[in-house]
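K.L.:
below are the sequence and a predicted model; questions follow.
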Amino acid sequence: MEGWQVRLEYFEKVLKRLEEALQRSPTSDLEKEGICHRFEFTFELAWKTLKDFLVYQGFAFPLGSPREVLRTALQAGLLEEGEAWLTLLALRNRLSHLYDKKLLEEAFYQIRTVAYPLLHKLYEKLQERRADF
């Protein structure tokens, strides 16, 4: 099994945990903060899995920053919503400074309505590619 396929299995696990948490309809700030952290883990594995897959496909990354990987994945046709993915990257970066309730509510809404669907779509696309190997 290739390295990107192993990482894809981890991505699948954290994506399922994020989905489970979102299905619970959290009401407390503590629950929402937990979902925000699950999103962070899931996003990290998403871009790292993308990077591993792209390297497997022959792409080279001098630095391999998340932004660079997302742009390359967009050019390679693995992602379609480039601006939305950059928004998720910005959200992930802002979550390390989660100090107020307004940001928490905004982040939770974005995770539920934008992030999860994009992450799930990426997972499905990578699963399709996995079946090709």
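P.N.:
Cool, got the structure.
K.L.:
element containing the most centrally placed residue in the chain?
P.N.:
Closest to where the C-alpha atoms of the chain average out (Cα atoms, centre = their mean) is residue 43, at 2.7 Å. If you go by DSSP states H and E, residue 43 is part of helix 29-56.
K.L.:
OK, contacts around the residue nearest to the residue nearest to the centre of the chain when sequence neighbours are not counted?
P.N.:
Spatially, and ignoring its direct neighbours in sequence, residue 43 is nearest to residue 92 (4.8 Å; Cβ to Cβ, 6 or more residues apart in numbering). The C-beta positions use only the backbone N, C-alpha and C, and glycine is treated the same way. Contacts for residue 92 were tallied using Cβ atoms under 8 Å, 6 or more residues apart in numbering; they are 39-40, 43-44, 66.
K.L.:
over to residue 35?
P.N.:
Going by Cβ under 8 Å, 6+ apart, the list of residues near residue 35 reads 18, 21-22, 26, 108, 111.
K.L.:
so which of those residues is the closest to residue 53?
P.N.:
For these, the minimum distance to residue 53 (Cβ to Cβ) is 20.1 Å, reached by residue 18.
K.L.:
now the one helix or strand the closest one maps to against helix 29-56, angle please.
P.N.:
Per DSSP H and E: residue 18 is located in helix 3-23. Angle, helix 3-23 to helix 29-56, by axes from the mean of the first three to the mean of the last three Cα atoms, to 10 degrees: 160 degrees.
K.L.:
and the lowest-mean-pLDDT helix or strand in the chain, which residues are buried?
P.N.:
Lowest by mean pLDDT, DSSP states H and E among the helices and strands of the chain is helix 101-110, with a mean of 90. Residues 104, 107-108, 110 are the ones in helix 101-110 that count as buried (16 or more other Cβ atoms under 10 Å).
K.L.:
I am finished for the moment; much appreciated.
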